[in-house]
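model the structure of this input:
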Amino acid sequence: MKVVILAGGISTERDVSLSTGRMIYEAVKKNGHQAVMLDVYLGYTGENVETIFDREEDWAREVGMVGEEKPDIGKVKAMREDGGKSFFGPEALRICQMADVVFLALHGENGEDGRIQACFDLMGIRYTGTDYVSSALCMDKGLAKELFDYHGIPTPKGIRLGKGEPDPRSVPFPCIVKSCCGGSSVGVCIAHDEEEYGLALQEGFRYDKEVIIEQYIKGREFSVGVLDGKALPVIEIAPLNGFYNYKNKYQAGSTVETCPAQLPDWKTREMQHLAEQAFRVLRLKNYARMDFMMSEEGEIFCLEANTLPGMTPTSLLPQEAKAAGIRFEELCERILQSAVGAGYKGPSEG
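Down below sits the predicted model:
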């Protein structure tokens, strides 16, 4: 198949996306496909677009390194000769149309929020991951929490607060403050008192016009990947310092990750069942990952769903798949085959 690995962009998770994309790119090539790694925002400015799948290069440029919580997006935008009037860089859409399927390696705004998925649906471009509706539902953590509540999936109690709105302060300390539509724990803070709370609100509103304020669950942190509706083994995440923030997610050695998690069998099954239930409730397709907390009393709380989970060297989903006997290359192939579906008839004519 001709496969575009679409990465980069201009979200706060740009660098993580490039790392994810590079791993997928290598795996897809090992699986024998014609692969191109393309930066969705910077696009392709070279010659002979028609033969791009026949070459052994990729066109995704790094600006900064993974682990820098604030990548230099201004520097990225300055690289666009046309001033960045469109989110799609030069020839990006054309190259995606030439592919049999686009493997989405994007994270954050304009990648996981459903906009690209809606555009691709209108243009008849097949892609990995879920559709535009469920992408938008999961990106908005407030909406996702409301759906969890309605369907009886336990989730921390919390409220949505818009910038400039009166704050009811109905969630006691300590509490979690996070941007409503952020990802990779960017803009997430724990507040223990009024001073920390004020700073947490400032940080959350830097990334979004709305924040979620929810009860802090003291206990153990877990994640469960779901592949075509079936839960993978549970992984436990234990940061050496603080909580599972951006730095601890993407800097090797910052977190102890145990997979399969050391839990009683019945508790493992309970968490996996909740992950599969959340997958259905949010109308997810292809694959996703659910994050959980388990309190010191043993109660399980579903925090959120990730519709395009990371596939970096330290990412959780590949570790869970490995524990289930699925190698990384096989995982990527299963995601691709699920995305193209039974209707796939062979390579496109480009």
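
which residues in this protein form strands?
With strands called from DSSP state E, the chain shows them at 2-7, 34-39, 101-104, 158-162, 175-179, 189-191, 210-215, 219-227, 230-239, 255-258, 287-295, 300-306.

what's the closest non-adjacent residue to Lys230?
Spatial nearest neighbour of Lys230, excluding adjacent residues (Cβ to Cβ, 6 or more residues apart in numbering): Glu276 at 7.0 Å. C-beta here means a position set from N, CA and C on the backbone, and glycine is covered the same way.

what about that neighbour, how many residues nearby?
17 (other Cβ atoms under 10 Å).

cool, and Pro239?
With other Cβ under 10 Å as criterion, Pro239 counts 16.

tell me the confidence at it?
Pro239 is assigned a pLDDT of 76 by the prediction.

pretty sure it contacts Thr255?
Yes - judged on Cβ atoms under 8 Å, Pro239 makes contact with Thr255 at a distance of 4.8 Å.

residue contacts, Ala136?
Contact analysis of Ala136 by Cβ atoms under 8 Å, 6 or more residues apart in numbering lists 113-114.

distance check, it against Lys267.
Distance from Ala136 to Lys267, counting by Cβ to Cβ, to the nearest Å: 32 Å.

contacting residues for Pro174?
By Cβ under 8 Å, 6+ apart, the contact list for Pro174 reads 190-192, 216.

nearest residue to it other than its sequence neighbours?
Tyr216 is the one closest to Pro174 (Cβ to Cβ, 6+ apart), at 4.2 Å.

how much space between the one you found and Ile190?
Counting by Cβ to Cβ, the gap between Tyr216 and Ile190 amounts to 6 Å.

with Phe222 instead?
Using Cβ to Cβ, Phe222 is found at 18 Å from Ile190.

of these two, give the one with the bigger neighbour count.
Phe222 (26 against 17).

give me the nearest residue to that one, chain neighbours excluded.
Per Cβ to Cβ, 6+ apart, closest to Phe222 is Phe292, 4.4 Å.

just Gly84 next, same as before
In space, Gly84 is closest to Lys77, 5.1 Å off (Cβ to Cβ, 6+ apart).

got it, and Cys189?
Ala200 (3.6 Å).

now swap in His273 and tell me
Leaving out its chain neighbours, His273 is closest to Ala231 (Cβ to Cβ, 6+ apart), at 7.6 Å.

what sits against the nearest residue to Glu329 once chain neighbours are set aside?
Leaving aside its sequence neighbours, Glu329 sits nearest to Ala27 (Cβ to Cβ, 6+ apart; 4.6 Å). If you count contacts by Cβ under 8 Å, 6+ apart, Ala27 has them with 328-329, 331-333.

ok, and the most crowded of the residues you listed?
Cys332 (27 neighbours).

the closest residue to Cys138 other than its chain neighbours pairs with what?
Once flanking residues are discounted, Cys138 sits nearest to Ala305: 4.5 Å by Cβ to Cβ, 6+ apart. Per DSSP bridges, the residues bridged to Ala305 are Met290.

can you get me a residue count around Ala305?
Ala305 has 26 neighbouring residues, counting by other Cβ under 10 Å.

wait, it touches Glu276, no?
No - taking contacts as Cβ under 8 Å, Ala305 lies outside contact range of Glu276: 11.6 Å.

helices of the protein, start to end?
Ranges of helices in the chain, per DSSP state H, are 14-30, 73-78, 92-98, 115-123, 132-139, 141-150, 194-207, 246-250, 265-281, 316-323, 328-340.

for the protein, name the helix or strand with the lowest mean pLDDT.
Lowest on mean pLDDT, DSSP states H and E among the helices and strands of the chain sits helix 246-250, with a mean of 46.

before we move on, the earlier item: got the contact list for the residue nearest to Lys230?
226, 229-231.

quick revisit: now the residue nearest to Gly84: how far from Gly9?
To Gly9, Lys77 is 11 Å away according to Cβ to Cβ.

more crowded one of the two?
For Lys77 versus Gly9, the count of surrounding residues by other Cβ under 10 Å is larger for Gly9: 26 against 14.

which stretches of this structure have low pLDDT?
For the chain, applying pLDDT under 70 flags the ranges 58-59, 61-71, 182-187, 241-254, 313, 342-350.

put together CSV for the helices of the chain, with distance to Phe53 on each row.
Formatted as CSV, the helices of the chain follow (distance: least, Cβ to Cβ, whole Å):
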stretch, distance to Phe53
helix 14-30, 11
helix 73-78, 25
helix 92-98, 7
helix 115-123, 18
helix 132-139, 26
helix 141-150, 37
helix 194-207, 36
helix 246-250, 30
helix 265-281, 33
helix 316-323, 26
helix 328-340, 15
